[in-house]
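Participant: Structure for the following, please:
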Amino acid sequence: MADITGGGGGGECGSAFPAGVSRKQAYFSGMLMKNPGIPIFLSVFLVTLFVTADIFTRWVDVSSVTAQFRQKDILPFRNSETTNNSTPESCPEYFRWIHEDLKPWKHTGITSEMVKKAREKAHFRLIIIDGRLYMEKYGYVFQTRDVFTIWGILQLLELYPGKVPDLDLMFTCHDWPLVRKSSYHDNTSVIPPLFHYCGDDLTYDIIFPDWSFWGWPEVNISPWVKLSKELEQGNQRQKWMEREPFAYWKGNTRTGRARKDLAKCNSNDKHEWNARIHHLDWGKGFNNTDLASQCTHRYKIYVEGNTWSVSEKYILACDSMSLVVTPHYYDFFSRGLIPTVHYWPINEKNKCSSIKFAVDWGNKNTDKAQEIGRRGSEFVKKELQMNLVYDYMLHLLTEYSKLFKYRPVITKNAVEVCSCLGKDMVKEYKELSKVKAPSQASPCTMHPPYDDHQLQALQNLKLNLTKQVEFWEAARHD
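Facilitator: Purely as a prediction, here's the structure:
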């Protein structure tokens, strides 16, 4: 289950980002930076070429590799009250994954039979007709995941009245993605479209923003519209250089093998792994889990639980260099993160030594460590604004509806969902996250789908940058 945890680029002698850059690297880097008209897929392809060429022969200057991401792919802050409705902004790059998530139905379309088949794995069914929301509920959902997911869709209808198309979908609130690709090798024409919070390379689940954006009352996590501001304020309480020079993680170490292993990285009489791991016992309550007060270390660790964790956005928001233990799952925005640009990759097979290396490197190269932390925080602040979460939902549901081979109707057992507030913390969080008025700004404009070469180049870039860090670690031990 999801947990609740919570500079400059110049090089100098002895830096783990070597100062020397080959003429070939300088040429490509200069060409990319001086010619913004070059398509992004060509930029990624060229970068991938020279990273791959150097990766096993000598250390490359990653700051030159990642320079193109520092400003170009960070959106300006968007104020929905002042944005000109006639000139919508471009959506963040990660919106393009909507096309990839819906690609299994590109040629077949989505039939009523496919949607009904997804009921086997769904917790509820949602139907939108003429801007009104209807639901069929099929089974028990852990805590209030369903309550706040559905509340989020109600707020989308309030924010963009008349823009959400008629549609029919099935939703699961489990931790694990459920529509396994191996079950449809021989018949891809019957893949059930199932909405979920996360996915992996082995499943077809359609990724949707998780409930925590509207609040998680059971663990005292406020709606994102409030908490993101608190995190920004908490981030300013202590300068990066004044923070503890260690890697911090707090959460439930009993969810998932990776977390159990991470607990072994706490320092002891025999080893100083540069990690400070704190177990959070869910049975004792959540009185000491104020996320805004946890930006006290230079480095923060992200590690998956049973699957993905909602904590990633909170960890990235701290300006600390995020240390991401090899992830196997992704949510809707995390595919937009680039290793050594927004975070530092940690090898899951050697967690403790990999964390120690990252912290040692960062403490010797504080300007670069701060820059990685800053870019991670900028990503969260500018590309994960609540209005963009709603834009993602709108674009996803719009593209999904275009695939329909039938006209959605209100089913016999469906009931209309009200905007009821409930009571206690549920009411408080709904009031905090309630959309006050329709948006005066148009939704952002989504980029076209990746072609196969663009997608492969992007995946190669991420892989090669991760391998480069592993190469540095191995070189240190030789």
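Participant: in the stretch 101-250 of the chain, which spans are strands?
Facilitator: Using DSSP state E, counting those that start in this stretch, the strands of the stretch 101-250 of the chain run over residues 124-129, 132-137, 167-171, 194-196, 206-207, 244-251.
Participant: Would you tell me which of the ones you listed gets closest to residue 110?
Facilitator: strand 167-171 (8.7 Å; CB to CB). C-beta: built from backbone N, CA, C; applies to glycine.
Participant: In this protein, which helix is the longest?
Facilitator: Ranked by residue count, the top helix of the chain under DSSP state H comes out as helix 452-477.
Participant: what comes up buried for that helix?
Facilitator: 454-455, 457-458, 460-462, 464-473 (16 or more other CB atoms under 10 Å).
Participant: swap in stretch 290-308?
Facilitator: 291-292, 294-308.
Participant: Alpha carbons of it, as CSV, please.
Facilitator: Output of stretch 290-308 as CSV, limited to C-alpha atoms (Å, rounded to 0.1, in the frame of the first residue of the first chain):
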residue,chain,number,x,y,z
ASP,A,290,3.8,16.4,9.0
LEU,A,291,5.3,16.2,5.5
ALA,A,292,6.1,19.9,5.4
SER,A,293,8.5,19.5,8.4
GLN,A,294,10.5,16.7,6.8
CYS,A,295,12.6,18.8,4.4
THR,A,296,15.5,18.6,6.8
HIS,A,297,18.0,16.3,5.0
ARG,A,298,20.0,17.0,1.9
TYR,A,299,18.8,13.7,0.4
LYS,A,300,15.5,11.9,0.5
ILE,A,301,14.8,8.3,-0.5
TYR,A,302,11.9,7.1,-2.6
VAL,A,303,11.3,3.4,-2.5
GLU,A,304,8.2,1.5,-3.7
GLY,A,305,6.0,-0.4,-1.3
ASN,A,306,3.8,-3.2,-2.6
THR,A,307,3.7,-1.2,-5.8
TRP,A,308,4.1,2.6,-6.5
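Participant: Rounded mean pLDDT for it, please.
Facilitator: Here stretch 290-308 scores 92 as its mean pLDDT.
Participant: Distance from that stretch to the middle of the chain?
Facilitator: Taking CA atoms, centre = their mean, to the nearest Å, one finds stretch 290-308 lying 14 Å from the centre of the chain it belongs to.
Participant: same question, stretch 106-116
Facilitator: Relative to its chain's centre, stretch 106-116 lies at 28 Å (CA atoms, centre = their mean).
Participant: For it, C-alpha coordinates in CSV please.
Facilitator: Provided in CSV are the C-alpha atoms of stretch 106-116 (Å, rounded to 0.1, in the frame of the first residue of the first chain):
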residue,chain,number,x,y,z
LYS,A,106,-6.1,2.3,-31.1
HIS,A,107,-7.1,-0.2,-33.9
THR,A,108,-9.9,-2.1,-32.2
GLY,A,109,-11.7,0.7,-30.5
ILE,A,110,-13.5,0.1,-27.2
THR,A,111,-16.8,-1.9,-27.2
SER,A,112,-19.4,-2.4,-24.5
GLU,A,113,-18.3,-6.0,-24.2
MET,A,114,-14.7,-4.9,-23.4
VAL,A,115,-15.9,-2.5,-20.7
LYS,A,116,-18.2,-5.2,-19.2
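Participant: any residues touching it, and which ones?
Facilitator: Stretch 106-116 has contacts (CB atoms under 8 Å, 6 or more residues apart in numbering) with 105, 168-170, 188-193, 400, 403-406.
Participant: and it, which residues are buried?
Facilitator: Going by 16+ other CB under 10 Å, stretch 106-116 has these buried residues: 110-111, 114-115.
Participant: how about the contacts of stretch 106-116, which pair is most distant?
Facilitator: 168 and 188 (20.6 Å).
Participant: Done for today, thanks.
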